[in-house]
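*Asks:* Dropping the sequence and predicted coords here.
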Amino acid sequence: GQSLEQPSEVTAVEGAIVQINCTYQTSGFYGLSWYQQHDGGAPTFLSYNALDGLEETGRFSSFLSRSDSYGYLLLQELQMKDSASYFCSFDQAGTALIFGKGTTLSVSS
Amino acid sequence: GAVVSQHPSWVICKSGTSVKIECRSLDFQATTMFWYRQFPKQSLMLMATSNEGSKATYEQGVEKDKFLINHASLTLSTLTVTSAHPEDSSFYICSQNDRDKNEQFFGPGTRLTVL
């Protein structure tokens, strides 16, 4: 079957670094994406990894290991506005995304 | 990136009525759009893939006669929730792919409350 596993909740303080892990299982895989969703809002794209390794975009980085079916999202210099839900997802050749259950990140001062 | 709009942003209706949700691609011609449903504190679940000019592809467990999808043009897909019931109350979100950038662009969502 197809599935993604990620922690349900993570808490941290401003300025800290947080890593959200994601393991996946699927028969077909093109890449791992990460989306951020604030309460009441729509998901917004953060990053996409098709190849193994680390992709860096400002304070956010994402990593993928295809051999381990594992990836993570790294958030640095946390800010209060980073409090949101973070979803890992994968796609299969241009089809819709399959999402994990989401990780709720709470950042406190 | 692509801009996707949805209308209405929220709707409250009585049980048994039908509700139509529109999803528009404002700057991109989308042959394929996706419809997701999200219950509170849960993940986005794919309901169906909307294909321009042809029938939608529904995910297992989603009733095609209850959730009617029409994709009559490259910029508009509609989802009609027929004979809505309280259990259909949810956040409905459409999206489209930008394969060149390997990302999906989501509409702002429609919050449906069925009384």
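*Replies:* Nice, I can see it. Numbering: from 1, shown residues only, chains lettered A, B, ... in the order given.

*Asks:* Please make it C-alpha for all contacts and neighbour counts, starting now.
*Replies:* OK.

*Asks:* on contacts alone, who are the packing partners of the worst-scoring helix or strand of chain A on mean pLDDT?
*Replies:* The weakest-scoring helix or strand in chain A, judged by mean pLDDT, DSSP states H and E, is strand A:98-99 (a mean of 90). Other helices and strands packing on strand A:98-99, by 3 or more C-alpha pairs under 8 Å, 6 or more residues apart in numbering or on different chains; DSSP states H and E, are strand A:84-91, strand B:44-51.

*Asks:* now these as JSON lines including mean pLDDT and mean neighbour count?
*Replies:* Output for the helices and strands packed on strand A:98-99, formatted as JSON lines (pLDDT from 0 to 100; neighbours: other C-alpha atoms under 10 Å in any protein chain shown):
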{"stretch": "strand A:84-91", "mean pLDDT": "93", "mean neighbour count": "25"}
{"stretch": "strand B:44-51", "mean pLDDT": "92", "mean neighbour count": "23"}
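
*Asks:* want to try a markdown table for those strands, with distance to B:Thr113 as columns?
*Replies:* What follows is the helices and strands packed on strand A:98-99, written out as a markdown table (distance: least, C-alpha to C-alpha, whole Å):
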| stretch | distance to B:Thr113 |
| --- | --- |
| strand A:84-91 | 22 |
| strand B:44-51 | 17 |
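
*Asks:* closest one to B:Gln6 among the ones you listed?
*Replies:* For the helices and strands packed on strand A:98-99, the distance to B:Gln6 is smallest for strand B:44-51, at 14.7 Å, taking C-alpha to C-alpha.

*Asks:* is the closest one anywhere near chain A?
*Replies:* Yes. Strand B:44-51 is in contact with chain A by C-alpha under 8 Å from any C-alpha of the partner chain, via B:Leu44, B:Met45, B:Leu46, B:Thr49.

*Asks:* for chain B, what are the low-confidence residue spans?
*Replies:* B:1, B:99-101 (pLDDT under 70).

*Asks:* Can you pull the residues of it lying near chain A?
*Replies:* Near chain A, when you scan chain B using C-alpha under 8 Å from any C-alpha, you find B:34, B:42-46, B:49, B:93, B:97, B:99, B:102-109.

*Asks:* let's see 6 Å
*Replies:* B:Ser43, B:Pro108 (C-alpha under 6 Å from any C-alpha of the partner chain).
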